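Colleague: Pasting a predicted model and its sequence here:
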Amino acid sequence: MPLIKKGFILLSAALLVFLWVVPVAVSTAATNQLRIDESFDIATINEVSNQFITPLSASYFDVLQPNGALSNDDTLTEQNSRFWLSTELVNTGFSTVPLVLNIDRLNLDDLHIYLLDDNERIIKSYRYQAGKGDYSLQKLLPSIRLSFSLAAQERSRLLIGIRDEGLQEFPIALWHKQKIVQYDQNMQVLIGVVIGILGVLAGYFLLSYLFQRTPSRFWLAMNNGVLIALFFIAQGGLAWWPSLTNASEDVFTLLLGITFLILAKVTHNLFSRIPLILRIVTFGLPVVMMTWALLSNDYQASLIVMAGAALIGIYHVLLALIYNDKRTPGLSRIFTIAWVFFFVLYAILLDTLLGSLLYTTPVVTIILIILCAGLLCLGFSVELKERSFNIQKLLEREATITNLNRFYDLFRNSAEGLYTSTLDGELKTVNPAMCALFGYEDESHMLSAIANTREFYANKEDRDLMVGELLADGIIMGREFQGLKADGSEFWFSISCQVRNAQDGKFLYGSIIDVTEKKHSDLSLQYMVSHDALTGVFNRRHFESMLKNKLANEDIQSITLLYLDLDRFKVVNDTCGHKAGDALIKEVALLLSDALPDNAMIARLGGDEFGVVIDNEAPEGTHSIAETLLDAVHDYHFMWDKRIFNLGVSIGLVECDNRTTPSEQYLSMADAACYFAKEQGRNQIHQYNKDDKSIQRYQKELDWVTEINQAHTEERFLLYYQPLRPLSSPNDGYYYEVLLRLKNPDGNIIKPTAFLPTAERFEMNVKIDKWVLTNTFKWLQENPEHLANLKRCSINLNCHSLTDRDFKLFVLNAFDRYEIPYHKICFEVIESVAIIKMEDTVGFMQTFNELGCSFALDDFGSGFSSYSYLKHLPVDIVKIDGAFIKDMLTDPVDAAMVASIKDVAKAMGMQTVAEFVESDATMAQLGKIGIDYAQGFGVAHPTPLNEFKPL
């Protein structure tokens with residue numbers, strides 16, 4: 001802001017000078033007489049004359065008539081009127097005075113000058129028209145001149161008539177002849193000085209531009225050249241070509257506009273922050289001024305040029321003050337001072353143009369000084385900008401040098417190997433890390449030893465591939481290649497490289513790091529991903545991927561898949577432990593690998609399961625290979641801790657003759673075939689046949705396995721309940737058994753008899769029992785009122801759950817987590833399961849009996865049916881198998897069996913539950929016998945637990 005204030009102060013000072021000078025131009029003397037004597041030098045006729053406007057047809061005689069020259073005709077214009085100045089000249093001296101009338105306007109349309117005596121007779125007359133010149137003169141002059149003498153005490157009248165479309169106010173001077181001769185001599189010197197100074201400045205800026213290539217210097221040189229032309233026009237230079245004098249104002253306007261366009265370029269170069277739109281305005285103002293002036297008449301053109309010049313100057317100053325470059329202190333101040341000089345010069349020139357100030361030697365000298373001062377300030381602004389720019393460049397160069405030194409230090413001390421080479425491979429530079437990487441003593445040794453960077457690579461073609469990719473993409477990052485060290489040893493390196501253009505061609509800039517350990521680690525990781533950690537053969541994931549690829553490969557004529565499952569492996573594992581089992585698997589894997597031909601691949605698919613895929617082998621050949629594997633395992637004897645174990649292997653064989661069948665399905669087929677090889681007696685080969693009913697049944701079971709897993713994941717298991725009705729006591733609460741249902745993707749409800757046998761075969765019961773227990777306990781916790789009225793909730797457990805080591809802990813945690821009272825839960829165990837796993841079952845029962853849980857023996861009478869088992873099982877409830885219940889009304893034996901079971905249970909303090917009760921009559925008979933509870937469709941059908949309703 002202080003800088004802007006100073007600029008406005010300078011600008012205001014210039015305008016004050018302008019306002020002081022201009023009023024002088026419009027003042028008019030009250031007298032029309034000019035007294036002359038021997039001491040006379042110069043006088044302005046405009047100030048000592050009467051002024052008239054007459055029609056163009058009026059003569060000088062009409063003007064001299066009292067009031068005859070004045071016209072009130074409003075139709076007079078510049079084209080049909082004439083402007084007159086009348087002055088009386090009186091020589092009061094005692095000698096003749098030689099005089100010269102001087103008019104500095106060569107472009108006047110029509111000029112009449114009359115010198116009259118006291119009797120109004122013409123002593124001398126003169127006429128001038130622009131474009132025609134005055135050929136009566138001995139030499140061409142830069143102004144219109146008329147010489148005459150005035151004798152002692154002589155009185156004459158000077159009458160001047162002017163017709164012109166331009167400004168009527170311009171200086172008309174009367175000179176003493178000796179003074180104007182002296183003035184002409186001085187002007188020749190001053191003109192020479194001005195042109196010399198402007199020429200020197202133009203030459204200086206042009207030559208310095210050729211060396212420094214600074215745009216501002218070029219435009220300053222052009223500006224000085226145009227100023228020379230402007231000065232030439234202003235001093236009447238077109239008098240040398242009289243026919244062009246009437247175009248002097250147009251030429252002057254054009255040159256002035258060009259000057260402002262050049263100054264716009266200078267301003268833009270000095271103040272680079274000026275926005276584009278304002279730059280366009282800077283160019284547009286001079287163009288508008290020139291165009292408007294050239295299309296207007298002379299009078300309007302003069303006003304446009306005067307106003308436009310001031311406006312453009314003020315606009316340049318404002319741009320400099322607003323968009324000052326803070327990196328160059330004082331620039332806008334010097335630039336503003338230059339324009340202040342130009343404003344003062346503008347005011348003086350305007351004063352001379354309007355006629356109140358004459359072009360005398362002192363005036364021209366002042367104009368020259370002001371012009372030079374303004375140009376010098378403008379040039380100094382350019383110098384100041386360049387100095388600031390050079391300082392910035394110097395600082396940038398120093399920063400660049402610092403960065404280069406830093407880069408060189410980084411280059412020298414980098415842990416990465418850095419190098420530079422040509423596209424052809426000629427090595428140019430290396431750093432110490434590069435030398436150490438390839439096993440060279442120092443840079444000079446390496447540069448002299450390696451003729452081409454192809455020697456970096458173990459495979460020379462790798463560089464050609466790398467360069468080709470580099471030329472296509474411009475850069476490569478982290479490409480790994482195998483390299484050669486100075487001693488010939490191989491190692492792995494990672495290279496990043498890019499192409500850069502330099503003055504003497506294209507170069508490769510690369511960095512190399514040793515990735516040998518990483519590569520070995522990657523290879524090891526790849527091996528681990530694709531191989532079984534225990535045996536070293538391929539793992540299941542890689543085997544499935546390879547099988548999929550082989551099925552998609554049309555070049556392979558035939559593919560056979562073998563699925564191997566070791567027989568009696570569990571005996572070794574259970575007898576000698578997992579360590580022995582692992583050793584057995586490793587030895588068998590090696591045994592099988594050695595027995596396979598080259599066109600076969602083996603993988604470990606699971607614990608004791610292996611897969612083999614055979615390519616391009618006839619059916620009899622694949623059977624022969626399978627038999628070889630069978631014999632190899634059969635003849636093998638595993639020894640551990642002084643024990644010898646004989647093994648066998650069951651093999652499922654599938655011919656992969658349909659390439660559109662997914663690889664997963666082929667594995668499932670081979671697994672099914674292997675399963676039936678075991679079912680048929682183990683240690684044999686079974687070939688898959690899609691028409692084999694056993695295979696189809698097994699395939700369905702596999703489908704159920706998939707469906708069970710998906711149902712568990714997708715939350716498609718549902719909890720149902722079936723209530724029990726007390727028969728020997730009032731209904732004092734809720735008694736029911738929790739049942740499981742499965743909802744298939746179509747929304748149909750599947751009963752457990754459809755999928756639980758498969759779940760038991762594939763040992764999925766534990767997961768199902770955990771789900772039932774967790775979700776039942778969770779529902780009870782979320783329904784506290786129901787839990788308060790609950791007397792007994794029965795949950796079925798499978799044999800695998802009872803013998804599972806972690807299931808007991810899981811149940812204990814569930815009771816604790818969901819805060820379920822132990823006495824409200826009854827676990828149901830099937831009679832046959834409880835008897836087979838007697839020890840495990842008793843242990844589980846005792847644990848939860850002590851906590852308050854009750855146990856029910858389900859389906860009693862359908863299994864071993866020995867009453868003695870009831871003595872050893874800590875059960876509280878006996879559930880009589882429904883096979884005895886449904887026909888007891890018509891079959892006396894069934895009725896007797898029910899009564900017998902009830903009597904034994906009562907004797908042992910156990911309650912009884914009758915299953916499959918389907919009628920009220922049966923229920924009534926059971927009550928008579930003494931059965932405690934009834935369950936079946938006659939009581940209620942199974943219903944979703946979340947829709948519970950009391951009986």
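Modeller: Alright, I've got the coordinates.

Colleague: Near residue 272, how many other residues are there?
Modeller: Residue 272 has 10 neighbouring residues, counting by other CB atoms under 10 Å. Bear in mind the C-beta positions are built from the backbone N, C-alpha and C, glycine included.

Colleague: tell me the SS of the closest residue to it other than its chain neighbours?
Modeller: Sequence neighbours aside, residue 325 is the residue nearest to residue 272 in space, at 7.1 Å (criterion: CB to CB, 6 or more residues apart in numbering). Classification of residue 325 into helix, strand or coil gives coil, according to DSSP: H, G, I helix; E, B strand; the rest coil.

Colleague: Per-residue pLDDT of residue 325, please?
Modeller: Here, the pLDDT recorded for residue 325 equals 77.

Colleague: Do a quick rundown of the strands in the stretch 151-300 of the chain.
Modeller: Applying DSSP state E, counting those that start in this stretch to the stretch 151-300 of the chain gives strands spanning 155-163, 172-176.

Colleague: what stretches of the stretch 851-951 of the chain score poorly on pLDDT?
Modeller: Within the stretch 851-951 of the chain, the segments meeting pLDDT under 70 span 862-866, 868-869.

Colleague: ugh, wrong one, I meant the stretch 451-600 of the chain
Modeller: In the stretch 451-600 of the chain (pLDDT under 70), the answer is 521-525.

Colleague: ok, 80 please
Modeller: Along the stretch 451-600 of the chain, the model assigns pLDDT under 80 to residues 502-505, 517-529.

Colleague: Quick check: which ranges of the stretch 701-850 of the chain have low pLDDT?
Modeller: Judged against pLDDT under 80, the low-scoring parts of the stretch 701-850 of the chain cover residues 701-703, 706, 757-763, 799, 803, 805, 831-840.

Colleague: and the residue nearest to residue 272, what is it in contact with?
Modeller: 270, 271, 272, 273, 331, 332, 385, 388 (CB atoms under 8 Å, 6 or more residues apart in numbering).

Colleague: if I read this right, residue 871 contacts residue 909, doesn't it?
Modeller: No: using CB atoms under 8 Å, residue 871 and residue 909 do not qualify as a contacting pair, with a distance of 11.6 Å.

Colleague: what pairs with the longest strand seen in the chain, and is each one parallel or antiparallel?
Modeller: Longest strand of the chain, by residue count under DSSP state E: strand 490-502. Looking at strand 490-502 with DSSP bridges, its partner strands are strand 475-484 (antiparallel), strand 505-514 (antiparallel).

Colleague: between these, which one is nearest to residue 341?
Modeller: Within the strands paired with strand 490-502, the stretch nearest residue 341 is strand 505-514; the backing value is 54.2 Å (CB to CB).

Colleague: For that closest one, report the contacting residues that lie outside it.
Modeller: By CB under 8 Å, 6+ apart, the residues outside strand 505-514 that reach it are 414-423, 428, 434, 437, 453, 456, 467, 470, 483, 491-500.

Colleague: same thing with stretch 464-483?
Modeller: The list of residues contacting stretch 464-483 from outside it, by CB under 8 Å, 6+ apart, reads 423, 438, 456-459, 462, 490-499, 508, 512, 515, 519.

Colleague: Work out the gap between that stretch and the centre of the chain.
Modeller: Using CA atoms, centre = their mean, to the nearest Å, the mean C-alpha position of stretch 464-483 is found 26 Å from that of the whole chain.

Colleague: Could you list the buried residues of it?
Modeller: Buried residues in stretch 464-483, counted by 16 or more other CB atoms under 10 Å: 466, 467, 470, 476, 481, 483.

Colleague: separation between the third one and residue 418?
Modeller: Just to be clear, that refers to residue 470. Relative to residue 418, residue 470 is positioned 16 Å away (CB to CB, to the nearest Å).

Colleague: and what of the second one?
Modeller: Distance, residue 467 to residue 418, using CB to CB: 18 Å.

Colleague: again, but for the first one
Modeller: When distance is defined by CB to CB, residue 466 is 16 Å away from residue 418.

Colleague: do the same with the fifth one
Modeller: According to CB to CB, residue 481 stands 17 Å off from residue 418.

Colleague: Throw the strands paired with strand 490-502 into a markdown table and include distance to residue 576, thanks.
Modeller: Formatted as a markdown table, the strands paired with strand 490-502 follow (distance: least, CB to CB, whole Å):
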| stretch | distance to residue 576 |
| --- | --- |
| strand 475-484 | 46 |
| strand 505-514 | 47 |
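
Colleague: Nearest to residue 883, out of those strands?
Modeller: Proximity to residue 883, assessed across those by CB to CB, is greatest for strand 475-484 (73.7 Å).
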